[in-house]
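J.: Just the structure for this:
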Amino acid sequence: MKKETIIENIFNVKALSYEYIETGLTNDNYVVTLPDQKVVLRIPRIQNQGLFNYELESKVLNEIKPLNLEPNLIYYNKLTGVKCSEYIENSETFNISYIERSAILIRKLHDANIQTGVNFNIKDKFHMYKERVQHPLFDTDFAHHVIDNLKVENVRLCHNDIVAGNLLFSDTKDYLIDFEYAADNDPFFDIMSFITENDITNPQLRNTFYWAYFERNPTAQELDRLHKFEIVHHVLWCEWAMMMYELHHHQIYKDIASLKYKRLMECTKKAEF
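T.: Model prediction:
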């Protein structure tokens, strides 16, 4: 369905303008100017059907409503994943100056200890992505045992996709948005999602985030677990990016796969394989 039709069905008015948001990797997103307000419209790309559970996302959005993490939700279709939310004026996505605020925001989700009853099964996701890749750009086989041997703990609702574009900051409020990948998981997965998706390799910056999240220095055991989750992220999203590149043939997915593989190689040099 066209964006114009969706907006007219929701609001019974024609939009004055549509501004495409470039950061979306799995959706087409627009800032829509209406006669009396601005909204953000998310339309999933048809090629990505089967990758997301929109019924679960609908449940998650309802569960997190008391936390006020997301902008006000105006419309959600749990069959198609089409979503319309309030537009936040004068906001910006993550940059390194927001690292401590990001940690506090992520911890707020984890501290709520919400259980959806649906796990983000890392092994299942990995195999789903890998099996769809017919012509791999990179061979990650040497690190698959880290996923196979991974132990998850303290399972609760996690976001699972903390890229820069899913963090919004304004003068009055901070937001964690787009819960397509959200499900029950180990909070350490989210911590390393933030670290790896924002390519934070500087040890001092990582320590700044850890201190803000844990409110202390992480223990040696915690650092070891974080390292394992870091490897998992690089393997998982390298396979995802290779899958997406085969589906869409967009250079951005090839670039993501290349970066994830590069970071995987760097990361595994620190561990015994």
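J.: Apart from its neighbours in sequence, what residue is nearest P35?
T.: Of all residues not flanking P35 in the chain, V13 sits nearest, at 6.0 Å (Cβ to Cβ, 6 or more residues apart in numbering). C-beta here means a position set from N, CA and C on the backbone, and glycine is covered the same way.
J.: Can you say which helix or strand has that neighbour in it?
T.: Element membership for V13, per DSSP states H and E: none, as it lies in no helix or strand.
J.: show me what contacts it?
T.: Taking Cβ atoms under 8 Å, 6 or more residues apart in numbering as the contact definition, V13 lies against 7, 34-35.
J.: ok, now D161?
T.: Applying Cβ under 8 Å, 6+ apart, the residues contacting D161 are 178, 180-182, 193, 197.
J.: which of the residues you listed has the most neighbours?
T.: A182 (27 neighbours; other Cβ atoms under 10 Å).
J.: you'd agree that residue is up against L56?
T.: Yes. At 7.5 Å, A182 counts as touching L56 under the criterion of Cβ atoms under 8 Å.
J.: Spell out which residues are contacts of both of those two.
T.: Shared contacts of A182 and L56, defined by Cβ under 8 Å, 6+ apart, are found at T116.
J.: Contacts only, for D190.
T.: The neighbourhood of D190, defined by Cβ under 8 Å, 6+ apart, consists of 106, 109-110, 158-160, 162.
J.: Including pLDDT and distance to M242, could those residues go into a markdown table?
T.: Shown next, in a markdown table, are these (pLDDT from 0 to 100; distance: Cβ to Cβ, whole Å):
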| residue | pLDDT | distance to M242 |
| --- | --- | --- |
| I106 | 99 | 27 |
| L109 | 99 | 29 |
| H110 | 99 | 30 |
| C158 | 99 | 24 |
| H159 | 99 | 23 |
| N160 | 98 | 19 |
| I162 | 98 | 21 |
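J.: picking up where we left off before, which single one of the contacts of V13 is nearest to N48?
T.: The shortest distance between N48 and any of the contacts of V13, using Cβ to Cβ, involves I7 and amounts to 21.3 Å.
J.: What strand or helix carries that closest one?
T.: Taking DSSP H and E as the criterion, I7 maps to helix 3-11.
J.: now, which of the contacts of D161 lie within strands?
T.: Judged by DSSP state E, strands contain none of these.
J.: possible to save those as a markdown table with pLDDT and distance to I64?
T.: Conversion of the contacts of D161 to a markdown table gives the following (pLDDT from 0 to 100; distance: Cβ to Cβ, whole Å):
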| residue | pLDDT | distance to I64 |
| --- | --- | --- |
| D178 | 95 | 12 |
| E180 | 95 | 13 |
| Y181 | 95 | 14 |
| A182 | 98 | 8 |
| S193 | 99 | 17 |
| E197 | 98 | 20 |
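J.: And the residues you listed, which is closest to F214?
T.: Comparing the contacts of D161 against F214 with Cβ to Cβ places S193 closest, at 16.1 Å.
J.: for the closest one, what are its contacts?
T.: Residues counted as contacts of S193 (Cβ under 8 Å, 6+ apart) are 159-162, 233.
J.: could those residues go into TSV alongside distance to E239 and secondary structure?
T.: What follows is the contacts of S193, written out as TSV (distance: Cβ to Cβ, whole Å; DSSP: H, G, I helix; E, B strand; the rest coil):
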residue	distance to E239	secondary structure
H159	20	coil
N160	15	coil
D161	15	coil
I162	19	coil
H233	11	helix
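J.: For the residues you listed, pick the one with the most neighbours.
T.: The residue in those with the most neighbours, by other Cβ under 10 Å, is H159 (30 neighbours).
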